[in-house]
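J.: would you be able to build a 3D model of this:
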Amino acid sequence: MQHITGTGRQQLSFQSPEQQISHDNPVRVMDAFVEKLDLKKPGFG
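T.: Prediction:
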């Protein structure tokens with residue numbers, strides 16, 4: 001009987017969302033837009 005060989009459970013690697021999202025992903029444009037908004041003007045803290 002054959003079985004599927006996977007990666008070891010002790011070999012975890014943690015990555016930040018910044019590392020997981022590719023540089024040409026459209027979500028980066030949205031992130032840049034939101035960062036430029038002045039959220040204090042409408043009353044957000």
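J.: list the contacts of Asp38.
T.: For Asp38, the contact set (C-beta atoms under 8 Å, 6 or more residues apart in numbering) is empty. Any C-beta I mention is one placed from the backbone N, CA and C, and that applies to glycine too.
J.: list the contacts for Val34?
T.: Not one residue lies near Val34 by C-beta under 8 Å, 6+ apart.
J.: measure it to Lys41 for me?
T.: 14 Å (C-beta to C-beta, to the nearest Å).
J.: longest helix in the chain, by residue count?
T.: Counting residues, the longest helix found in the chain (DSSP state H) is helix 27-36.
J.: buried stuff in it?
T.: Of all the residues in helix 27-36, not one is buried under the rule 16 or more other C-beta atoms under 10 Å.
J.: I'd like the average pLDDT over it.
T.: Averaging pLDDT along helix 27-36 yields 92.
J.: spatially central residue in this protein, please.
T.: Pro17 (2.5 Å; C-alpha atoms, centre = their mean).
J.: distance-wise, check that residue relative to Ala32.
T.: Going from Pro17 to Ala32 by C-beta to C-beta gives 15 Å.
J.: distance between stretch 29-45 and the chain's centre?
T.: Offset of stretch 29-45 from its chain centre (C-alpha atoms, centre = their mean, to the nearest Å): 19 Å.
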